[in-house]
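Novice: Pasted the sequence and its predicted model underneath.
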Amino acid sequence: MTGVASTLTFGGGLPEGEGWLTVRKVWVASSLAVGSALAFVMLLVVGVYVVSGNLINGVGGGAAKALAKGSVPAAYQQLVQKWGNLCPAINPALLAAQLYQESGFNPKAQSHAAAQGIAQFIPGTWATHGIDGDGDGDRDVWDPNDAIPSAAQYDCTLASYVKDVPGNLTENMLASYNAGAYAVIKYGGVPPYEETRNYVKRITSLEKSFAAPVGRVDPSKQAAGAIAFAQKKLGTLYLWGGNGTPEQGGRFDCSGLSKAAYESVGITLPRVANDQYNAGPHPKRDELLPGDLVFFSDDLTNSRAIRHVGIYVGGGYMINAPRTGAVIRFDPIDTPDYFGATRVTEDGAKALPTTA
């Protein structure tokens, strides 16, 4: 098997203004190799279902306390890890999920309802529950060093209010955050409000995408379908911002391809690569399965800096839309800018905030 060295610039499918170019060395396979790879991919897709039963019935589960690599921006990781262990009702991954849901880790976020900062406190709640987390003598809702500890403290305060209520303490705490502790006490658990129940489900689902997995991660049931969709697009010319519409000639960029592939099997992903990273748990490199999304970044400490995504097919290769001037093709994933992977789940995708 022969090939020629080539220099590539990979686009991340990010909105204009966000960094999305880098240079990577890869080997471009010959047409014969691509044909062989297609046959190999089909075997791998079948293999998803062969191994899935073993993984589902094998190790897994457990309450993960550690954060997944890079899932929280490096500037806030130590804060989230420390304060996420403040009381039994929370953990670092749960606290990270709340912050992502509320602001997308944006310390300058402000909502139409006047919620402020990375933890989105409204002024009245901040006045009562804001704390001086960094001990500098002030309580600043715009300072993550105060706001993140305050969010953890507020969660634990709510948990103390509902500690005697039947059911899961964490779910009751989250319901209190959304509907008030009185409603949780009144109904003896999560109240029958659709908004509150959805809030609890979103945060607990997102928690899995911020936690370092304990044991293996269950396979995606929709993986084979997503790969099949992407395979049909091999050879299609890249288009920055492409969603595959007829007006765009059926062309895609990297995150447009992964979004369309999973939409073909009934899962709606966010449009950009760095948000797609939070659509499920994160398998290790040696635990990858076909259908996992694989991500690339120039900052390996921050998932918000991800700028490229592909669909893993096995054997160290992915299908991806690389860059302007290239076509959708197979490329290796083992490069210096490999960030990590996500095993997409329906619940994980549904839990993602549309504004992050």
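Specialist: Sure thing, it's come through. Predicted, not measured: the structure shown is a model, and the values here were computed from it.
Novice: show me where pLDDT drops low in the stretch 151-300 of the chain?
Specialist: Across the stretch 151-300 of the chain, nothing is flagged by pLDDT under 70.
Novice: mind listing the helices for it?
Specialist: Assigned by DSSP state H, counting those that start in this stretch, the helices in the stretch 151-300 of the chain fall at 169-179, 181-187, 194-210, 223-232, 254-263, 273-276.
Novice: just checking, what packs against the second one?
Specialist: Going back to what we said before, that points to helix 181-187. In terms of contacts (3 or more C-beta pairs under 8 Å, 6 or more residues apart in numbering; DSSP states H and E), helix 181-187 is packed against helix 144-161, helix 169-179. (Each C-beta comes from the backbone N, C-alpha and C, glycine too.)
Novice: Try it again at 10 Å.
Specialist: Contact here means 3 or more C-beta pairs under 10 Å, 6 or more residues apart in numbering; DSSP states H and E; on that basis helix 181-187 packs against helix 144-161, helix 169-179, helix 194-210.
Novice: Relative to residue 217, which of the helices of the stretch 151-300 of the chain is closest?
Specialist: In terms of C-beta to C-beta, the element of the helices of the stretch 151-300 of the chain nearest to residue 217 is helix 194-210, at 8.9 Å.
Novice: CA atoms of the closest one as CSV?
Specialist: Output in CSV follows, covering the C-alpha atoms of helix 194-210 (Å, rounded to 0.1, in the frame of the first residue of the first chain):
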residue,chain,number,x,y,z
GLU,A,194,-43.1,19.6,32.9
GLU,A,195,-40.5,22.4,33.0
THR,A,196,-39.0,21.1,36.3
ARG,A,197,-38.9,17.5,35.3
ASN,A,198,-37.2,18.4,32.0
TYR,A,199,-34.7,20.5,33.9
VAL,A,200,-33.8,17.7,36.2
LYS,A,201,-33.5,15.3,33.3
ARG,A,202,-31.3,17.7,31.3
ILE,A,203,-28.8,18.3,34.1
THR,A,204,-28.5,14.6,35.1
SER,A,205,-28.1,13.6,31.4
LEU,A,206,-25.5,16.4,30.8
GLU,A,207,-23.6,15.2,34.0
LYS,A,208,-22.6,12.1,32.0
SER,A,209,-20.9,14.2,29.3
PHE,A,210,-18.7,16.0,31.9
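Novice: What angle do helix 169-179 and that helix make with each other?
Specialist: Using axes from the mean of the first three to the mean of the last three C-alpha atoms, to 10 degrees, the direction of helix 194-210 lies 130 degrees away from that of helix 169-179.
Novice: buried set for helix 194-210?
Specialist: Residues of helix 194-210 classed as buried: 196-197, 199-210 (neighbour count, 16 or more other C-beta atoms under 10 Å).
Novice: Would you state the strands of the chain in chain order?
Specialist: Secondary structure of the chain (DSSP state E): strands at 3-9, 23-29, 293-296, 308-314, 317-320, 329-332, 338-342.
Novice: Domain-wise, how is this protein divided?
Specialist: Listed by automatic domain parsing, the domain ranges of the chain are 3-59+219-351, 74-210.
Novice: Would you mind measuring the gap between the ends of the last one?
Specialist: Looking back up the chat, that one is domain 74-210. One end of domain 74-210 sits 13 Å from the other (C-alpha to C-alpha, to the nearest Å).
Novice: same question, stretch 320-337
Specialist: The first residue of stretch 320-337 is 15 Å away from its last residue (C-alpha to C-alpha).
Novice: Equivalent analysis for stretch 155-168, please.
Specialist: 14 Å.
Novice: and the residue nearest the centre of the chain, what does it touch?
Specialist: Most central in the chain under C-alpha atoms, centre = their mean is residue 278, positioned 0.8 Å from the mean C-alpha point. For residue 278, the contacting residues are 68, 71, 96-97, 100-101, 104, 206, 208-210, 269-270, 303-304, 342, 348-349, 351-353, 356, by C-beta atoms under 10 Å, 6 or more residues apart in numbering.
Novice: what do you get for residue 99?
Specialist: 72-73, 76, 79-80, 84, 105-107, 117-120, 144, 147-148, 151-152, 210 are the contacts of residue 99 under C-beta under 10 Å, 6+ apart.
Novice: Please consider this matter closed, and thank you.
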